[in-house]
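> Any chance you can model this:
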Amino acid sequence: MNKISNISLSLIIELLSTPECVYLDFKSKMYKIQNSDKKLELIQRKEFIKDVLGLINNKTIENNNGRAYIIIGVEEENGKYNGKHNYIEFDNSQLLIQLKNELIIPHFDINQTEFYLSSKTDEFDLSLERINNYDRCLLLTLVYQKGTVYELKKKIGNTSIDIPYYYKGTSFTRDGSHTRRITQEDRERILKHYNKRVEEKINEYKTGKYLFDLIQELLEYLESKQYWDNKERKDEKINTKILSLIDNIEDLRKYFGINIINEERGYYNKKITILEGRFIITFRNSKPFESFIDKKGSVSGPIKLYDGETSASDIKDLIYYEIKTKLKSKYNLTI
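Just a heads-up that it's a prediction; the model follows:
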């Protein structure tokens, strides 16, 4: 059972103010998915699965963030919450998870959140704790993958007790607040989201790879003899590389957290500093091919990351690791 956060409270208020739609359904009573009347139980389980499939097979683009909601315990009139609510006793979220795992493919998540409600049509008072005269309601949050068609992985029903089957492969979608059987055209529309997502991932990969190559070229040049042998006050090659990175500073921030790239030169010293997330990497000619790093945000090296002083090669490997980790965790990209 999830505790409500302030964000959840705001979300519930927003949902209660929203008419039923492709991602939102109101239920005045809990589905009787656990009942002594086994015929009624099976009918209600079919209804629950139908409603869930309808919500997670979202065909739209503008109203699709990979989330759908069922609010249980509130009454509606013409698709709008009318201020009336009921106390919901149900407290078996594991059964909901069991049903969706048993009957629906592919995988998605369902989370149950309880809240206590006292309201009129246009006013809501929500509480995290039980309060006298407040009704306990449930918010079911369905977390699904856009561009994926969800369907039954096995049949459900029983014709011996006059309950028609939903067969394997059966699925549903919604038009506004209306749930209906899914068509091949609907499936193709949903899969367009997948194709769009793949295209976005490819573009992200290309951008990430390009930026990675820019950083790699810069670091390799900083380690080269050519860079350290150049005694001129101005190094056009390094300036060009830095400008290439600065031209892409917004993407560098987005992908890697790089904020500042700077070079300083003097008669007796030249230094380049890269502020990359939580690392400051500095190359100096006072000790060629040595790198200095200060995780607190200032250069005070050399310091020890391992058993000895950290070399430029160590720093480069560290940066590569950080970048690859960010690409993998945030964008699911691999270089």
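
> going forward, measure contacts between C-alpha atoms and count neighbours the same way
OK.

> all strands of the stretch 101-250 of the chain, in order?
Using DSSP state E, counting those that start in this stretch, the strands of the stretch 101-250 of the chain run over residues 104-105, 109-120, 123-127, 135-143, 151-152, 156-158, 163-166, 172-175, 178-181.

> helices or strands next to the first one in the packing?
Here strand 104-105 touches strand 151-152, going by 3 or more Cα pairs under 8 Å, 6 or more residues apart in numbering; DSSP states H and E.

> Other residues contacting the strand it packs on?
Applying Cα atoms under 8 Å, 6 or more residues apart in numbering, the set of residues contacting strand 151-152 from outside is L53, L103, I104, I105, P106, Y166, Y167, K168, G169, T170, S171, F172.

> One more pass at 6 Å, please.
Residues from elsewhere that reach strand 151-152, judged by Cα atoms under 6 Å, 6 or more residues apart in numbering: L103, I104, I105, K168, G169, T170, S171.

> mind listing what it pairs with, with the direction of each?
When pairing is defined by DSSP bridges, strand 151-152 lines up against strand 104-105 (antiparallel).

> Mean confidence (pLDDT) on the strand it pairs with, please.
The predicted model assigns strand 104-105 a mean pLDDT of 96.

> again, but for stretch 78-94
In the prediction, stretch 78-94 has an average pLDDT of 93.

> repeat for stretch 109-116
Confidence over stretch 109-116 (mean pLDDT, whole number) is 93.

> Could you do stretch 207-220 as well?
Averaging pLDDT residue by residue across stretch 207-220 gives 71.

> Could you do stretch 183-203 as well?
pLDDT averaged over stretch 183-203 gives 80.

> about what we covered before: got TSV for the contacts of strand 151-152, with neighbour count and distance to N65 too?
What follows is the contacts of strand 151-152, written out as TSV (neighbours: other Cα atoms under 10 Å; distance: Cα to Cα, whole Å):
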residue	neighbour count	distance to N65
L103	17	23
I104	21	20
I105	17	19
K168	14	27
G169	13	24
T170	20	24
S171	24	20
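
> can you map out the helices along this protein?
6-16, 38-56, 93-103, 184-223, 225-229, 236-247, 249-256, 312-331 (DSSP state H).

> I'd like to know how far G73 sits from Q145.
Distance of G73 to Q145, given as Cα to Cα, to the nearest Å: 27 Å.

> sorry, back to before: just the closest of the contacts of strand 151-152 to K206, please.
When the contacts of strand 151-152 are compared for distance to K206, the smallest value, 31.6 Å, is given by I105; criterion: Cα to Cα.

> What distance do you get for S160 to L42?
In terms of Cα to Cα, S160 sits 12 Å off from L42.

> should've said G169
For G169, the distance to L42 under the criterion Cα to Cα works out to 19 Å.

> neighbours around the closest residue to K168 other than its chain neighbours, how many?
Leaving aside its chain neighbours, K168 sits nearest to K154 (4.3 Å; criterion: Cα to Cα, 6 or more residues apart in numbering). Counted by other Cα atoms under 10 Å, the residues lying close to K154 total 14.

> Please apply the same query to the one 5 residues further on.
Here the count is done by other Cα under 10 Å, and T159 has 8 residues near it.

> can you check S36 too?
Number of residues near S36 (other Cα under 10 Å) recorded here: 9.

> Let me know the pLDDT of it.
pLDDT, S36: 94.

> quick one, which of S160 and L42 is more surrounded?
L42 (19 against 7).

> separation between the more buried one and T141?
Distance of L42 to T141, computed by Cα to Cα: 22 Å.

> In the stretch 151-300 of the chain, where is pLDDT below threshold?
Across the stretch 151-300 of the chain, residues meeting the criterion (pLDDT under 70) sit at 197-198, 201-202, 204-205, 208, 215-216, 218-225, 227-300.

> what ranges of the stretch 1-150 of the chain fall below the confidence cut-off?
Applying pLDDT under 70 to the stretch 1-150 of the chain picks out residues 1-7, 120-122.
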